[in-house]
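Enquirer: Next comes the sequence, and after it the predicted model I'd like to discuss.
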Amino acid sequence: MAIEVTADIALGAALAIGLSAIGTAIAQAKIGPAAVGAIAENEGFFAKGLIFTVIPETLVIFGLIIALQILGLAGGK
């Protein structure tokens, strides 16, 4: 029974970070080319393009935090 619980905890942590990484990849796949195009037309958009590119990366950080919290459950079992 303990092996099944540990496997469920590991699966939950893997899903937390994996799905957040996929979501970030989808967002950056659309934001990146748009930001580069805007910067190519007007160099004044560099800061905005950089900010819009970095914002989705916070999703992976949140996923990592949740994964670490889920893995913390395994230490108590």
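Expert: Looks like it came in fine.

Enquirer: When you work out contacts or count neighbours from here on, use the C-alpha atoms and nothing else.
Expert: Fine.

Enquirer: where does the residue most central in space within the chain land on pLDDT?
Expert: Per Cα atoms, centre = their mean, the C-alpha nearest to the average position across the chain is that of residue 60, at 1.9 Å. Looking at residue 60, its pLDDT reads 94.

Enquirer: Was I right to think it contacts residue 20?
Expert: Yes - using Cα atoms under 8 Å, residue 60 makes contact with residue 20 at a distance of 5.3 Å.

Enquirer: if we can go back for a sec, any idea which element the residue nearest to the centre of the chain lies in?
Expert: Per DSSP states H and E: residue 60 is located in helix 57-75.

Enquirer: can you give me the helices for this protein?
Expert: For the chain, applying DSSP state H gives helices covering 2-41, 46-54, 57-75.

Enquirer: chain center to the longest one: distance?
Expert: So the one you mean is helix 2-41. Computed by Cα atoms, centre = their mean, to the nearest Å, the chain-centroid distance of helix 2-41 equals 4 Å.

Enquirer: so where is this protein shaky, pLDDT-wise?
Expert: For the chain, the stretches with pLDDT under 70 are 1-3, 76-77.

Enquirer: go with 90
Expert: For the chain, the stretches with pLDDT under 90 are 1-8, 10, 72-77.

Enquirer: before we move on, back to that, and for the helix holding residue 60, what's in contact with it?
Expert: 6, 9-10, 12-14, 16-18, 20-21, 23-24 (Cα atoms under 8 Å, 6 or more residues apart in numbering).

Enquirer: Contact partners for residue 52?
Expert: 31, 35.

Enquirer: now it: how far from residue 58?
Expert: Per Cα to Cα, to the nearest Å, residue 52 is found 11 Å from residue 58.

Enquirer: ok, now residue 15?
Expert: 16 Å.

Enquirer: residues of stretch 5-17 that come out buried?
Expert: Residues 6, 9-10, 12-14, 16-17 are the ones in stretch 5-17 that count as buried (16 or more other Cα atoms under 10 Å).

Enquirer: ok, now stretch 64-77?
Expert: So, applying 16+ other Cα under 10 Å, buried residues of stretch 64-77: 64, 66-67, 70-71.
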